[in-house]
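*Asks:* for reference, the sequence and a predicted model appear below.
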Amino acid sequence: MYVYLYDNFLRKKNFASTIKAIEVKLTDYGIAGKILRLNNYIDVKPIVDDEIKKGAKTIVVVGNDATFGQVLSRSATCDCLFGFLPIGPNNTIAHVLGIPVGAEACDVLSRRLKERLDIGWMNNRYFISQLVIKPALIEVIYNEQFKVGSRDKMELVVCNLQPFYWKRSKTDQNTQVVNPQDGKLEAFLRPLTKKKWWGYTYEEPSVFPFDEMEIIGQEPFAVEADGKKSKEIRLKIRLAKNKVQMVVGRSRQF
Amino acid sequence: MIFQKNIVAQAPQEEITPDNQSGQNLNDDVETVVGPSVNVEGDLSSAGNIIVKGSVSGSVSTSKLLTVEKGAKITASVKAGSAVIAGEVKGNMKIKDSLELTSSSRVLGDICVKTLRVEDGAVIYGKVTMPGVEDIERRTSRLVKKIKKDDLDEAR
């Protein structure tokens, strides 16, 4: 049995035609199922647990990167197969998973090509796409082996499924795409340096693949993981290998 | 609400969105990069390539390529598959395959390497050993001994 979790933004009129096309295709393939609508105040975990008890075998997230993060960060421990139907803008994870945006995603879902994905774990919860620490006075210890520090503040981005893009200057063409299943998480550190009179500029990023990392702040720092913000003074990030089973496309990047 | 200012968080630089990345060079290999103005203390080890642009103290080890860029500083013992040095290294280096020292490089320590390439202006202060040379010496000494033995036998 399939259960579809629709994001709240899909209620907008401009997505109505795509939703209709998707629902028709799902019915054609014989994989239509129960539809549940999410909003910001709903905890996904009990809903998914409840549906699994009722006999759901596949949970399909319908929405964008934010929806994907919201659902999987809470329900990564659930024992079921996950699917993803990306709709609208802000869909970078779908590209990594090899799932096309829009109604064509139903073809990928119907093929049921399963793959186990690594996810990140921070302090007491999972994160799927990215973890971002805005510039702060932090020190990072990797795999209990070496310590990385800087003179000034540093920005830290830990990538799992969502790629990290940066640009050194407007003319720079260098971008990096991170594979989600290479057995490691990737940390991108960008120290801030003061300009001549005012303002700051980002330095070139440092890249460290890791399994385990500890971040110690001189003062509490803001952490954003899958859209959820919190303040921490000490943060432990680990890689949870093969935690989530997912339906992926043939053109996936791993 | 009419008079409320729209506060927009200003990012120091322009970020790339996935929508406008067409025609850009996408790198799939993520390697360890120590950026400029970053200090690393401890045992920096990696299974992939390492690029050092900042400073490292402790030890550096990789089975693949180590690149030390101009202006970078390593105060550590180094073990690598092969290496290209353009910065400063203070410590002993053990390179399995090949080592290239560019004109801006400064190495203060002993080097053990199979193949060494040194550009004009590179500074080395230390002992350079090549493991292949020991084998050649052993082989030549064995040959000399054999020839001497044969000569003695013929004389008898």
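*Replies:* Now that the structure is in, tell me what you want to look at. Residues are numbered from 1 along each chain as shown, chains lettered A, B, ... in the order given.

*Asks:* and what about A:E23, helix, strand or coil?
*Replies:* Under DSSP: H, G, I helix; E, B strand; the rest coil, A:E23 falls in the helix class.

*Asks:* how about the helices in the chain?
*Replies:* Let's take chain A. A:16-29, A:44-53, A:65-75, A:93-97, A:105-111 (DSSP state H).

*Asks:* wrong chain, I was asking about chain B
*Replies:* Remark: helices assigned in chain B by DSSP H are B:131-155.

*Asks:* strands along that one, start to end?
*Replies:* Using DSSP state E, the strands of chain B run over B:25-27, B:32-34, B:38-46, B:50-52, B:55-62, B:65-68, B:73-80, B:82-85, B:88-90, B:93-101, B:106-108, B:111-118, B:123-125, B:128-129.

*Asks:* which one of those lies closest to chain A?
*Replies:* Distance to chain A, taken as Cβ to the nearest Cβ, is lowest for strand B:38-46 among these, at 3.1 Å. Using the backbone N, CA and C atoms, a C-beta is placed for each residue, glycine as well.

*Asks:* got the CA positions of that closest one in CSV?
*Replies:* What follows is strand B:38-46, C-alpha atoms only, in CSV (Å, rounded to 0.1, in the frame of the first residue of the first chain):
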residue,chain,number,x,y,z
VAL,B,38,42.8,27.6,8.0
ASN,B,39,45.0,25.9,10.6
VAL,B,40,45.0,22.1,11.0
GLU,B,41,46.5,20.5,14.1
GLY,B,42,46.9,16.8,14.5
ASP,B,43,47.0,13.8,12.2
LEU,B,44,45.6,14.7,8.8
SER,B,45,45.0,11.5,7.0
SER,B,46,43.0,10.8,3.9
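
*Asks:* parallel or antiparallel, list what pairs with it.
*Replies:* Here strand B:38-46 has these sheet partners by DSSP bridges: strand A:146-150 (antiparallel), strand B:55-62 (parallel).

*Asks:* could you give the mean pLDDT of it?
*Replies:* Per-residue pLDDT over strand B:38-46 has a mean of 91.

*Asks:* just stretch B:51-71 next, same as before
*Replies:* 92.

*Asks:* quick one: buried residues of that stretch?
*Replies:* Neighbour-count burial for stretch B:51-71, counted by 16 or more other Cβ atoms under 10 Å in any protein chain shown, picks out B:51-62, B:64-69.

*Asks:* just send the strands paired with strand B:38-46 back as JSON lines, with distance to A:K241 too.
*Replies:* As requested, the strands paired with strand B:38-46 are exported to JSON lines (distance: least, Cβ to Cβ, whole Å):
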{"stretch": "strand A:146-150", "distance to A:K241": "22"}
{"stretch": "strand B:55-62", "distance to A:K241": "23"}
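
*Asks:* show me the shaky parts of the stretch 101-250 of chain A.
*Replies:* For the stretch 101-250 of chain A, the stretches with pLDDT under 70 are A:165-182.

*Asks:* quick one: the strands in it?
*Replies:* A:114-122, A:125-127, A:130-136, A:138-142, A:146-150, A:154-159, A:174-176, A:185-194, A:200-202, A:206-210, A:212-225, A:228-247 (DSSP state E, counting those that start in this stretch).
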